[in-house]
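**Q** Sharing a model prediction with you, sequence too.
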Amino acid sequence: MRPSDDKLHAAIIMDGNGRWATARGLPRVAGHPAGAEALRRTVEAAPDLGIRILTVYAFSSDNWQRPRTEVSALMKLFHMYLRRERARCVENGVRVSIIGRRDRLPTMVLPEIESAEKATVEGKKLQLRLAVDYSSREAIAAAAKKLNGHATRDRLSAALGGPDVDLLIRTGGEQRLSDFLLWEAAYAELVFTPVMWPDFQASDLAAAVAEFHSRERRFGAVPKVALA
Ligand code: IPE
Ligand code: IPE
Ligand code: MG
């Protein structure tokens with residue numbers, strides 16, 4: 001499952017909200033609404049850069065370990081984001097879906113998820129996948145369990161539901177995957193940027209896409225020039 005270059009699947013680990021806020025003398029949680037603004041900008045900029053699928057890491061299954069106040073602020077923000085952005089997504093042809101576990105989310109969030117997914121189902125310009133209570137290891141284990149001893153590479157990919165990732169970006173300066181799309185990113189081009197997520201601009205996304213196009217993807221084969 002390799003989408004062509006003009007149908008990019010980009011994935012973003014939106015990291016650095018807490019440090020962004022702390023650097024401004026603000027409480028950590030103040031970074032998250034600023035991060036939501038960055039997501040809005042990114043979603044708007046993505047289609048013109050050839051991105052057709054955008055998967056963003058909003059809340060990992062390990063993030064439940066954070067202080068209760070931060071977790072609840074994040075859940076409220078998620079609720080508000082879905083409610084506020086729904087109409088804009090419909091207008092802009094953005095299809096929204098949520099990946100990750102739903103059974104541990106606050107009950108107030110579930111109707112917002114369902115209504116955002118339903119309202120935007122016809123969106124053709126961009127597929128926005130929000131990873132919430134997401135763990136890639138857990139998703140792989142669940143897919144393998146479902147295949148009940150008949151797992152193959154293709155079946156596992158299909159059971160996981162999303163196409164392979166072409167470009168994976170992590171903001172905030174860390175260079176790790178933190179349990180995000182481990183299977184799907186097998187041959188993803190990785191771009192790490194020190195920019196804190198709330199500061200991420202359309203130009204940063206454009207730079208990452210340009211970096212992606214400057215690389216030669218070989219998928220284990222020899223460089224094209226070697227065959228000439
Ligand atoms: C990313 O920013 C948002 C979430 C993980 C929910 P962080 O909150 O991890 O910010 P830093 O990495 O602590 O700066
Ligand atoms: C990964 O960031 C999760 C999200 C961005 C939602 P973390 O900040 O939780 O990851 P670690 O703890 O630095 O690995
Ligand atoms: Mg972080």
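**A** Ah, there it is. Ligands and ions are numbered 1, 2, ... in the order given.
**Q** Please report phi then psi for the spatially closest residue to Arg176 that is not a sequence neighbour.
**A** Excluding its sequence neighbours, the residue lying closest to Arg176 (C-beta to C-beta, 6 or more residues apart in numbering) is Arg170, at 7.6 Å. Just so you know, the C-beta spots here come from the backbone N, C-alpha and C atoms, and that holds for glycine as well. For Arg170, the backbone dihedrals (degrees, to the nearest 10) come out as phi -120, psi 120.
**Q** How about Arg170: which residues does it bridge to?
**A** Residues in a beta bridge with Arg170, per DSSP bridges, are Ile13, Phe192.
**Q** Now do the same contact list for it.
**A** Listed by C-beta atoms under 8 Å, 6 or more residues apart in numbering, the contact set of Arg170 reads 12-13, 15, 176-177, 190-193.
**Q** do the longest helix along the chain and ligand 2 meet at all?
**A** The single longest helix within the chain, with elements called by DSSP state H, is helix 68-91. No: judged by C-beta under 6 Å from any ligand atom, helix 68-91 stays clear of ligand 2, getting no closer than 9.0 Å.
**Q** Show me what counts as buried in that helix.
**A** Neighbour-count burial for helix 68-91 flags 71, 73-79, 81-82, 85-86, 89-90 (criterion: 16 or more other C-beta atoms under 10 Å).
**Q** ditto for stretch 14-32
**A** Applying a neighbour-count criterion of 16+ other C-beta under 10 Å, one finds 14-21, 28-32 buried in stretch 14-32.
**Q** hey, where'd the strands end up in the chain?
**A** With DSSP state E as the criterion, the chain has strands at 8-13, 51-60, 94-99, 126-134, 167-170, 189-192.
**Q** Reformat those strands into CSV and put distance to Glu117 and mean pLDDT next to each item.
**A** Formatted as CSV, the strands of the chain follow (distance: least, C-beta to C-beta, whole Å; pLDDT from 0 to 100):
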stretch, distance to Glu117, mean pLDDT
strand 8-13, 19, 98
strand 51-60, 15, 98
strand 94-99, 6, 98
strand 126-134, 10, 98
strand 167-170, 24, 98
strand 189-192, 29, 98
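**Q** so which of the ones you listed comes closest to ligand 1?
**A** Closest to ligand 1 of the strands of the chain is strand 51-60 (C-beta to the nearest ligand atom; 5.2 Å).
**Q** residues making contact with that closest one?
**A** Contacts of strand 51-60 with the rest of the structure, by C-beta under 8 Å, 6+ apart, involve 3, 6-15, 39, 42-43, 46, 74, 78, 99-100, 126-135, 162-163, 165, 178-181, 209.
**Q** For ChimeraX, what selects the buried ones among these?
**A** In ChimeraX, a selection of the buried entries from these looks like this (16+ other C-beta under 10 Å):
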select :8,9,10,11,12,13,14,15,39,42,43,46,74,78,99,100,126,127,128,129,130,131,132,133,134,135,162,163,165,179,180,181,209
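**Q** Now narrow the contacts of strand 51-60 to whatever sits close to ligand 1.
**A** With C-beta under 6 Å from any ligand atom as the criterion, those include 14-15, 74 near ligand 1.
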